[in-house]
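Student: Got a sequence here, can you model it:
(one chain, ligands or ions: 1)
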Amino acid sequence: MKDTFKHQGMRQQLVETLVKKGIKDQNVLAAIGKIPRHLFMDSGFIDHAYQDKAFPIAADQTISQPYTVAFQSELMAVKRGDKVLEIGTGSGYQTAVLLELGAKVYSIERQQELFKKTSKFLPKIGYRAKKLVFGDGYKGLEEEAPFKSIIVTAGAPFVPNPLLSQLEIGGRLVIPVGEDIQIMTLFIRKGPKEFEKHELGEFRFVPLLEDKN
Ligand code: SAH
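Tutor: Below you'll find the model as predicted:
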């Protein structure tokens, strides 16, 4: 588990690519410049870790494209100490970005294999989430609500109501909505029943799956 000068150099190039593609949040760029993405990937793909692409991980899932991670993180507008919820822990890369931003992170994963692997891996490289949960993200995490922001890292066919209701007032839900292609959607909770909705372009994610347990 090495992080070499070569890796660091490639990471800086990735950061420059993200700047060119329009990412502005300096804290997000710094997090991506710091996190050794190659350690989150299966060995066969390590050489490609600093390309701005999604790659396969275990259980037929993917580590999201760095641009997507940066775009979603920017929309969350994380401040140090924010309590945030992630749906779809996957490789833990997005989790690590949120931790670098100073958030208290709760993250849910429904694939047991990934849940186990990532629960072991993240602390090994120094990333401590508040709680990693094996469960169904459609339900959110009622016992820890409300959250300052919630990020969904899989394509949701619809917006799950529990996620909206677990936001604090002023809180933000960042969720790609759609079946084959998803529209990145930001909801800002303005009041108990009022939400502002912004649609921010097309993305492609693996699907947010219904509970199989
Ligand atoms: N944030 C991850 C992205 C992984 S891809 C990363 O950076 O690597 C999306 C993840 O969502 C997959 O791991 C998938 O297993 C998980 N997922 C799909 N449906 C889910 C659900 N209903 N609840 C929680 N996680 C889910």
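Student: Regarding the chain, what is its longest strand?
Tutor: Scanning the chain for the longest strand, with DSSP state E as the assignment, gives strand 167-177.
Student: wait, does that strand make contact with the ligand?
Tutor: No: against the ligand, strand 167-177 shows no contacts by C-beta under 6 Å from any ligand atom, the least distance being 10.2 Å. For the C-beta atoms, the positions are set from N, CA and C on the backbone; glycine is no exception.
Student: tell me what the helix or strand just after that strand is packed against?
Tutor: Scanning forward in sequence from strand 167-177 by DSSP states H and E, the next helix or strand is strand 182-189. For strand 182-189, the elements it packs on are helix 66-76, strand 167-177, strand 195-203, judged by 3 or more C-beta pairs under 8 Å, 6 or more residues apart in numbering; DSSP states H and E.
Student: buried sites along strand 182-189?
Tutor: 182, 184-189 (16 or more other C-beta atoms under 10 Å).
Student: Next: stretch 123-135.
Tutor: For stretch 123-135, by 16+ other C-beta under 10 Å, it's 127, 129, 132-133.
Student: Show residues contacting that stretch.
Tutor: Contacts to stretch 123-135, defined as C-beta atoms under 8 Å, 6 or more residues apart in numbering, come from residues 1, 36, 39, 83, 89, 92, 95-96, 99, 104-110, 112, 115, 118-119, 122, 141, 144.
Student: if you set the cut-off to 6 Å instead, what comes out?
Tutor: Residues from elsewhere that reach stretch 123-135, judged by C-beta atoms under 6 Å, 6 or more residues apart in numbering: 95-96, 99, 104-108, 115, 119.
Student: Likewise for stretch 102-111?
Tutor: Here stretch 102-111 has contacts from 59, 78, 80, 82-87, 89, 95, 98-99, 115, 129-133, 135-137, 141, 144, using C-beta under 6 Å, 6+ apart.
Student: picking that back up, mean neighbour count and mean pLDDT for the helices and strands packed on strand 182-189 - can I get that in JSON lines?
Tutor: What follows is those, written out as JSON lines (neighbours: other C-beta atoms under 10 Å; pLDDT from 0 to 100):
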{"stretch": "helix 66-76", "mean neighbour count": "23", "mean pLDDT": "98"}
{"stretch": "strand 167-177", "mean neighbour count": "20", "mean pLDDT": "98"}
{"stretch": "strand 195-203", "mean neighbour count": "12", "mean pLDDT": "97"}
